[in-house]
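Engineer: this one's sequence-less:
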């Protein structure tokens, strides 16, 4: 019998990739291509959805060619994507009416204040799990309806379709207008309990329901692809952080994954009931497999982790490559009393303080560049601790271990510091491409390529693990000092500065 494989299309913020996996979850081949970042004015970020679709076709063909694989050997293809990025297109011609508005875009700031009204940014949280913020898709869609000539009229006549990037790609592949629960949960328009579009929010945002996609599970056959993937089942969709949760096989309540890159995203599986956060976290869908119950999650985002290492390299010149931070930090035993809080543009979860700015505190004549390097690594760990504490308080679930992925996990000292600070085991898997792997796993489950989630657990293998070594009294003292440093960042930007 000819070998069968699963393909995953990862439509990301800066590039599109296709990775092909075998039955053991190992990478067979990769295709990747970057797309343009379009900045029409300060704070605005756009992508050309047609350019992205062209790139998707190229990277799929590239991955097939590199692996010497035919489309007939693909059991299914899964989709994972940058979340919240918003595209509207003509139902008949498939032409976008405007560039896609990217999740980083802040043009809806005034609209957010208008929607908040007297109630404030928590107006819809009980329904959708999210605070009002420029981050999410619903306000971006409202902006397109209000600001692009003719769009609202055409939408109300049923001529236009809305989608996030998963929906756009599935529509281009199969002709079906569908999204999954994880991407729908990031629009602000889906009710967390009904898993359907919320009539109250749609009315408040003035969004026509007719242009919204059908909401499906994360793992089911949405349709068969046309053209270059003719006949291949398109069988999963997961927003990127949800896909990483799935790829890390975090299938039990209390399982947490942390993706360490420019910033850090921590996602906690909270089980089959949504947990509303009182501590600055987002309530979101984890995943939904077929007709099984949906699994919910709490998510905490940290703005500056890997980018602090880049700042030390590029702005201060203390190192010449990111990898050197570990070598420099190992020249000392501790931080020498130095703490760095990288609130370059405010603090994200769990503080959400836009008035904060970064500090280096505790400086004495004893501190050298080794201590500063160690404080840089510790900053990622203590920020993780803050989010994990918020997760514990919201969910009542104790962390069993932290499964990590992303570029920063190559730093073994950082991984040990994480284990010490969190007082749990930190585990790095063999396959680092957990986002694509999660999309592949979900698609494979949908078509029976893998029989159940236990078979996925069996595929997951540790590459390395770190156990905590820090004494409890040292951990408590250092956390106390970290919190003192955080307090020094607050209120730095005053109203007249803004």
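Structural biologist: Looks like it came in fine. Keep in mind that what you see is a predicted model, and the values were worked out from it rather than measured.
Engineer: When you work out contacts or count neighbours from here on, use the C-alpha atoms and nothing else.
Structural biologist: Fine.
Engineer: For stretch 8-15, measure first residue to last.
Structural biologist: End-to-end distance for stretch 8-15: 14 Å, by Cα to Cα, to the nearest Å.
Engineer: List the contacts of it.
Structural biologist: Under the contact criterion Cα atoms under 8 Å, 6 or more residues apart in numbering, stretch 8-15 has outside partners 16-20, 32-37, 56, 60, 77-82, 102, 165-166, 240, 435-437, 439-440.
Engineer: Let's see which of those end up in helices.
Structural biologist: Secondary structure from DSSP state H places 56, 60, 165-166, 240, 435-437, 439-440 of the contacts of stretch 8-15 in helices.
Engineer: Which of those sits closest to residue 383?
Structural biologist: Distance to residue 383 across the ones in helices among the contacts of stretch 8-15 (Cα to Cα) is lowest for residue 240, with 21.3 Å.
Engineer: neighbours around the closest one, how many?
Structural biologist: 24 (other Cα atoms under 10 Å).
Engineer: Can you check the pLDDT for it?
Structural biologist: At residue 240, the model reports a pLDDT of 91.
Engineer: Check residue 495 too.
Structural biologist: At residue 495, pLDDT is 53.
Engineer: And the residue of the chain positioned farthest from its centre, how close does it get to residue 337?
Structural biologist: Centroid-distance maximum for the chain: residue 365 at 40.7 Å, with Cα atoms, centre = their mean. Using Cα to Cα, residue 365 is found at 11 Å from residue 337.
Engineer: Kindly report the same for residue 90.
Structural biologist: 59 Å.
Engineer: Tell me which helix or strand comes right after the longest helix along the chain.
Structural biologist: Counting by DSSP H, the longest helix found in the chain is helix 369-395. Next helix or strand after helix 369-395 toward the C-terminus (DSSP states H and E): strand 401-405.
Engineer: quick one: the next helix or strand after that following strand to chain centroid distance?
Structural biologist: Later in the chain than strand 401-405, the nearest helix or strand by DSSP H and E is helix 412-422. Offset of helix 412-422 from its chain centre (Cα atoms, centre = their mean, to the nearest Å): 22 Å.
Engineer: pLDDT on the following helix or strand past helix 412-422, on average?
Structural biologist: Using DSSP H and E, the helix or strand that follows helix 412-422 in sequence is strand 425-429. The average pLDDT within strand 425-429 is 93.
Engineer: What is strand 425-429 packed up against?
Structural biologist: On a contact count with 3 or more Cα pairs under 8 Å, 6 or more residues apart in numbering; DSSP states H and E, strand 425-429 meets strand 401-405, helix 412-422, strand 462-466.
Engineer: I'd like to know which elements the last one is packed against.
Structural biologist: The elements that strand 462-466 packs onto, with contact taken as 3+ Cα pairs under 8 Å, 6+ apart, are helix 412-422, strand 425-429.
Engineer: are any of the contacts of stretch 8-15 buried, and which?
Structural biologist: Buried subset of the contacts of stretch 8-15 (neighbour count, 16 or more other Cα atoms under 10 Å): 16-20, 32-33, 35, 56, 60, 77-82, 102, 165-166, 240, 435-437, 439-440.
Engineer: if I've got this straight, residue 258 is in a strand?
Structural biologist: Yes. Assessed with DSSP: H, G, I helix; E, B strand; the rest coil, residue 258 lies in a strand.
Engineer: returning to that earlier point: nearest to residue 469 among the ones in helices among the contacts of stretch 8-15?
Structural biologist: Distance to residue 469, by Cα to Cα, is smallest for residue 435 among these, at 30.2 Å.
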